[in-house]
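Peer 1: the sequence isn't on hand, but the structure is:
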């Protein structure tokens, strides 16, 4: 084994080690952007034939046409948490079996629920003590939730996102 | 919808990525095998045969992968490969140190290193993987641990206190009184497990008390301080960490313990003032202890004046050897099996990072630090995404303490901060540290599975809440 070969092995091993790190970073990257958008693009045409890009400041009826994909917590102790939307309803409250368990003194045990109906999501207050607010309006009956409009429950704020 | 539009908003993480995990795991095992081959070539100039140890290592990793596939199908695909790479490189480095000691040079025997160290380390890897599987099977959701908040808190304190109570012959190894020695060469470092138990306690306690702890008190120099009466818990944690420092003469454990509490307090309350209070208390506490306890003062002297007078051959011999090793390694290292890391006493445990620095160079240790960094990042990512506050706090705290541990030991070895004798997670020789690290990985896997999996269904669908009126 001569010095040149040993040097090649030495540099080669470092290169492989770095390749591993780069591959790992690549996995993180696909986790953030890649796969989801691939899957979305593949799956989207089946569910909504004409997905139109919605500007952020568009009027609610316009954005309500698009299907929301996530429920994102934008404020409160759980800020940053995102739930994928399925066909199932989402229950929100302090109860252990709620889909989104709030640790919030101003939330009730079974505070509110979000459920899909005729292609849109509705929010319904489940008789909570402090009420559920859609934007600034108190929710008294099942109300359609447009994308990007804040739902306030105690100190927690939720939004539907595409 | 364009990809650019996708990038502008948070996206739910893709579901199960087990195939990615398997590919990355195979890559990690391949890197470990390559390292092993490089060690053989560097030490003896010929390619070693495939040893049973590494075959067993690969088999263990496959077992861990299958367990995750079965019990945590939505888990983060990177956690296992990153842990496997670190664990494997640790085994290879221990093998390399053991072999150089045996290499017909009895004078080069590494301190305190048995000739079966590699097999022992592999055995503990097996225990670690078994514990990983057990945790995944037994704990289906991390938030059930919240029920054992105070039980685990008591367990953690007892584990921490045991070495301080035992006589020195059953608890002291190399000046640190943090061991339980059972005789016949078997010893356990309970602090490694105490840290996990106490993390559960802190998380459970802070989740229930955080609203009070977040109340604002008076404002000093633009920082909102907490109310004086709420300082109790942080003062108790501080006092406990000082007791560890004094009775067990171990700055490392004490720093990790207190750092974990302060950061979890910060995550729970989102108040910067707790960080400031924590750092101030820790610095003041360590300084006062250094003045009172000679062992701690010596660490400061070694840090500030390693080359002064006779220090380099006396009290600072070990860190100076490590620094020379790092300097000898330079940018690209001497190559695996071609350096002389065995000059540093205890290089296989506390100083294993300097062995990597010598043989892989700056380029190599940067890659290792990035692997650690990715592990921490994946942990914090899972903490952000998981919906329940207890798991969030627990995993946030544990991920942070992993980062803190790496900072403390790498900073200590490279002379950035005073040296403290703690292990490098996954790399160092030592069963307690390795098994505790695998428990941590198991918890991360479990939480990331919860965070990325489908939303849990209600236990029973009661439909709408019914309003019952009296009368």
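Peer 2: Received the coordinates, thanks. Just so you know, these numbers come straight off a predicted model, no measurement behind them. Numbering: from 1, shown residues only, chains lettered A, B, ... in the order given.

Peer 1: how about the strands of chain A, start to end?
Peer 2: Under the criterion DSSP state E, strands of chain A are mapped to A:70-75, A:82-84, A:90-93, A:100-101, A:112-117, A:120-125, A:132-134, A:137-138, A:143-144, A:151-153, A:156-161.

Peer 1: any idea which helix or strand of chain B has the worst average confidence?
Peer 2: The weakest-scoring helix or strand in chain B, judged by mean pLDDT, DSSP states H and E, is helix B:3-7 (a mean of 40).

Peer 1: where's the strand or helix carrying residue B:100 relative to the chain centroid, distance-wise?
Peer 2: Remark: residue B:100 resides in helix B:79-102, with elements defined by DSSP states H and E. Counting by CA atoms, centre = their mean, to the nearest Å, helix B:79-102 is centred 16 Å from the centre of its parent chain.

Peer 1: give me the contact status of that helix with chain A.
Peer 2: Yes - Helix B:79-102 lies within reach of chain A by CB under 8 Å from any CB of the partner chain, at B:81, B:82, B:85. All C-beta spots, glycine's among them, are computed from the backbone N, C-alpha and C.

Peer 1: how near is the closest residue to the second one other than its chain neighbours to residue B:70?
Peer 2: What sits nearest to residue B:82 in space, not counting adjacent residues and going by CB to CB, 6 or more residues apart in numbering or on different chains, is residue B:375, at 4.7 Å. Distance, residue B:375 to residue B:70, using CB to CB, to the nearest Å: 22 Å.

Peer 1: more neighbours, those two?
Peer 2: Legend: neighbour count by other CB atoms under 10 Å in any protein chain shown for residue B:375 and residue B:70, higher for residue B:375 (28 against 12).

Peer 1: re earlier: in JSON lines: the strands of chain A, plus distance to residue B:125 and mean pLDDT.
Peer 2: JSON lines is the format used below for those (distance: least, CB to CB, whole Å; pLDDT from 0 to 100):
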{"stretch": "strand A:70-75", "distance to residue B:125": "39", "mean pLDDT": "84"}
{"stretch": "strand A:82-84", "distance to residue B:125": "35", "mean pLDDT": "79"}
{"stretch": "strand A:90-93", "distance to residue B:125": "42", "mean pLDDT": "87"}
{"stretch": "strand A:100-101", "distance to residue B:125": "36", "mean pLDDT": "84"}
{"stretch": "strand A:112-117", "distance to residue B:125": "46", "mean pLDDT": "88"}
{"stretch": "strand A:120-125", "distance to residue B:125": "48", "mean pLDDT": "88"}
{"stretch": "strand A:132-134", "distance to residue B:125": "51", "mean pLDDT": "89"}
{"stretch": "strand A:137-138", "distance to residue B:125": "58", "mean pLDDT": "87"}
{"stretch": "strand A:143-144", "distance to residue B:125": "55", "mean pLDDT": "88"}
{"stretch": "strand A:151-153", "distance to residue B:125": "47", "mean pLDDT": "89"}
{"stretch": "strand A:156-161", "distance to residue B:125": "42", "mean pLDDT": "88"}
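
Peer 1: in a markdown table: those, plus distance to residue B:161 and mean neighbour count.
Peer 2: A markdown table is the format used below for the strands of chain A (distance: least, CB to CB, whole Å; neighbours: other CB atoms under 10 Å in any protein chain shown):
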| stretch | distance to residue B:161 | mean neighbour count |
| --- | --- | --- |
| strand A:70-75 | 40 | 19 |
| strand A:82-84 | 42 | 19 |
| strand A:90-93 | 41 | 25 |
| strand A:100-101 | 35 | 22 |
| strand A:112-117 | 47 | 19 |
| strand A:120-125 | 51 | 20 |
| strand A:132-134 | 49 | 19 |
| strand A:137-138 | 54 | 10 |
| strand A:143-144 | 57 | 16 |
| strand A:151-153 | 44 | 23 |
| strand A:156-161 | 40 | 22 |
